[in-house]
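Student: sequence unavailable; structure follows:
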Ligand code: GLN
């Protein structure tokens, strides 16, 4: 394959165990290079066969992140955006499903001219095409994170691509970072490097020599241990980097900087190291994060309370918004299905703000209604996101408009006389589940004088969506008369994007997902506004 682009490539692979934080390491490398003035983009290659994680249950893979251009992706793309403060797109998310779909449709079109279609070269060529495509344009460095762990059957074609590209692109064009775990054996009082050695062997068997090893560890690595790993794994000693557990993921870039990981990689890629990293804003953020002036307590009512990754972007958005408000936001996940008419006041007692999370399906819906009602009747700041907004609308219809059987048609086993939340016109007739929701960024016009307009400080915004149901506009007048206003509309379709109860301190619901666009340097205005309201400011 001819190399038509000049971007350099960094591949990040993982070994020994999953969940070591390849996404954070990739994002941190990206951040450091970006802070030296390089244009960087980060891509995720996921070896599973689903076309995208849009159809995956959060129990499988945590939150589904949505890009501006409407791709349903792995949650690591959220980290890339939050660290780099730059949007990703469809092109930044590749799965085995997408690769095979493309190859098979080419085969059906006859593009392979009678050849036998095989993993090598056809699948690997398609993966390479996608990796190289991302380097076109003015990107200096493409960072590619390979999901899974080395040695998995399904990640083999991806490792093979790294091998081929290193050879094809030539010296100084590709660097490989391998992330492993160095476990601490308490009984022996020792950190153990053998799993790392084995993991590097597995990578070598596939023809790939890593350039840098990042070792995830609970305890700091001694010089001796680094020397030993370097010797056994054929890397230079300063290419053995430790990643010690830290209390915030946002500190990882600084930890990597201390060990000159950025410089090492730039040297391997024959790139200039004279421009020094500028990270003043980042350091200021961390400084504030570690020294909050006060604490605010928020209840996050949802279905997946036991899964820390299910509401990843929301939790991160609260961290960003907390720092902006000089406070620590303590988010407590509350199981929606545990809330009843009798116990809601007690379970939500003491929280300064209530958020009802996005979601699908009936489970926990009634509990979410209780949460919205409790917030509304007690004037506790409320923020409903997507389903959380729909819940607020249904609750208001039932308890303020007196439409006791009002419902969202998504939840109805039988029909409702008052479908205040209804299937969008464009969704009627859709039967396929994958990639068929209203996805990605749409414009929203804000109503002057609203809380939303005040928070954003402007009139026109663009926000990301992932839903099939919408506010039923035939009820709008009744809602507005009773005190719930629509304060954000899609300017083309008139779809209600935001509702508010202006008489309350802060009662806002958004049909879109603000959490997908909050970053460290640009916390989302609605999260900032909500936290401020919860603080009573
Ligand atoms: N289930 C609702 C819908 O499809 C809300 C979706 C969401 O919260 N992302 O409209």
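Tutor: Received, thanks. Just so it is clear, the structure is predicted and the values come from calculations on it, not from any experiment.

Student: how about the residue nearest the centre of the chain, nearest residue that isn't a chain neighbour?
Tutor: Nearest residue to the geometric centre of the chain (CA atoms, centre = their mean): residue 78, 2.6 Å. Leaving aside its sequence neighbours, residue 78 sits nearest to residue 65 (CB to CB, 6 or more residues apart in numbering; 4.3 Å). Any C-beta I mention is one placed from the backbone N, CA and C, and that applies to glycine too.

Student: phi, psi of the one you found?
Tutor: The phi/psi pair for residue 65 (degrees, to the nearest 10) reads phi -90, psi 150.

Student: just to revisit the earlier point, the residue nearest to the centre of the chain: helix or strand, and which one exactly?
Tutor: Using DSSP states H and E, residue 78 sits within helix 76-84.

Student: what's that helix packed up against?
Tutor: helix 22-35, strand 40-46, strand 65-66, helix 312-324 (3 or more CB pairs under 8 Å, 6 or more residues apart in numbering; DSSP states H and E).

Student: the next helix or strand after the second one and the ligand in contact?
Tutor: If you walk from strand 40-46 toward the C-terminus, the next helix or strand you reach (DSSP H and E) is helix 58-61. No - applying CB under 6 Å from any ligand atom, one finds helix 58-61 separated from the ligand by no less than 11.4 Å.

Student: I'd like the next helix or strand past the helix or strand harbouring residue 108.
Tutor: Element membership for residue 108 (DSSP H and E) is helix 96-109. Downstream of helix 96-109, the first helix or strand assigned by DSSP H and E is helix 124-134.

Student: which element follows that next one toward the C-terminus?
Tutor: strand 141-146.

Student: name the strands paired with that next one and say parallel or antiparallel.
Tutor: Using DSSP bridges, strand 141-146 pairs in its sheet with strand 8-14 (parallel), strand 40-46 (parallel).

Student: want to throw these into CSV with mean neighbour count, mean pLDDT and distance to residue 205?
Tutor: Shown next, in CSV, are these (neighbours: other CB atoms under 10 Å; pLDDT from 0 to 100; distance: least, CB to CB, whole Å):
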stretch, mean neighbour count, mean pLDDT, distance to residue 205
strand 8-14, 26, 98, 13
strand 40-46, 26, 97, 19
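
Student: what's the closest of those to the ligand?
Tutor: Judged by CB to the nearest ligand atom, the one of these that comes nearest to the ligand is strand 40-46, at 21.1 Å.

Student: got a list of contacts for the closest one?
Tutor: Outside strand 40-46, the residues that touch it by CB atoms under 8 Å, 6 or more residues apart in numbering are 23, 26-27, 30, 33-34, 53, 73-74, 76-77, 80, 84, 86, 88, 91-96, 127, 130-131, 134, 139-148, 158.

Student: how many other residues sit next to the closest residue to residue 183 other than its chain neighbours?
Tutor: With sequence-adjacent residues excluded and distances taken as CB to CB, 6+ apart, residue 183 is closest to residue 192, at 5.3 Å. If you count neighbours by other CB atoms under 10 Å, residue 192 ends up with 14.

Student: so who does residue 192 touch?
Tutor: 182, 183, 184, 185.

Student: hang on, the earlier thing: same list, the helices and strands packed on helix 76-84, but as CSV with distance to residue 177 please.
Tutor: Listed next are these as CSV, based on distance: least, CB to CB, whole Å:
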stretch, distance to residue 177
helix 22-35, 7
strand 40-46, 12
strand 65-66, 22
helix 312-324, 23
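
Student: right, and these - which one's nearest the ligand?
Tutor: Nearest of the helices and strands packed on helix 76-84 (CB to the nearest ligand atom): strand 65-66, 8.9 Å.

Student: is the next helix or strand after that closest one positioned near the ligand?
Tutor: Proceeding N to C from strand 65-66, the next assigned helix or strand is strand 72-73, under DSSP H and E. No - Strand 72-73 is not in contact with the ligand by CB under 6 Å from any ligand atom; minimum separation 10.8 Å.

Student: picking that back up, PyMOL command for the buried members of the contacts of strand 40-46?
Tutor: Remark: buried members of those, expressed as a PyMOL selection using 16 or more other CB atoms under 10 Å:
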select buried, resi 23+26+27+30+33+34+53+73+74+76+77+80+84+88+92+93+94+95+96+127+130+131+134+139+140+141+142+143+144+145+146+147+148+158
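
Student: now do the helices in the stretch 201-350 of the chain.
Tutor: 223-233, 252-258, 261-268, 280-290, 312-324, 344-347 (DSSP state H, counting those that start in this stretch).

Student: which of these sits closest to the ligand?
Tutor: Nearest to the ligand, of the helices of the stretch 201-350 of the chain and by CB to the nearest ligand atom, is helix 312-324 at 11.3 Å.

Student: ok, that closest one near the ligand or not?
Tutor: No - Helix 312-324 lies apart from the ligand when judged by CB under 6 Å from any ligand atom; the minimum separation is 11.3 Å.

Student: show me the contact partners of the least confident helix or strand in the chain by mean pLDDT.
Tutor: Within the chain, confidence by mean pLDDT, DSSP states H and E is lowest for helix 58-61 among all helices and strands, at a mean of 86. For helix 58-61, the surrounding residues in contact (CB under 8 Å, 6+ apart) are 53, 64, 74, 75, 304, 307, 309, 310.

Student: quick one: which of those residues is nearest residue 110?
Tutor: residue 53 (31.7 Å; CB to CB).

Student: mind listing what that closest one touches?
Tutor: Contact analysis of residue 53 by CB under 8 Å, 6+ apart lists 46, 60, 61, 64, 72, 73, 74.

Student: will you turn those into JSON lines that also has distance to residue 113?
Tutor: Shown next, in JSON lines, are the contacts of residue 53 (distance: CB to CB, whole Å):
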{"residue": "46", "distance to residue 113": "30"}
{"residue": "60", "distance to residue 113": "39"}
{"residue": "61", "distance to residue 113": "38"}
{"residue": "64", "distance to residue 113": "38"}
{"residue": "72", "distance to residue 113": "34"}
{"residue": "73", "distance to residue 113": "34"}
{"residue": "74", "distance to residue 113": "35"}
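
Student: from those, which two are the most distant?
Tutor: The widest separation within these (CB to CB) is 14.1 Å, between 60 and 73.
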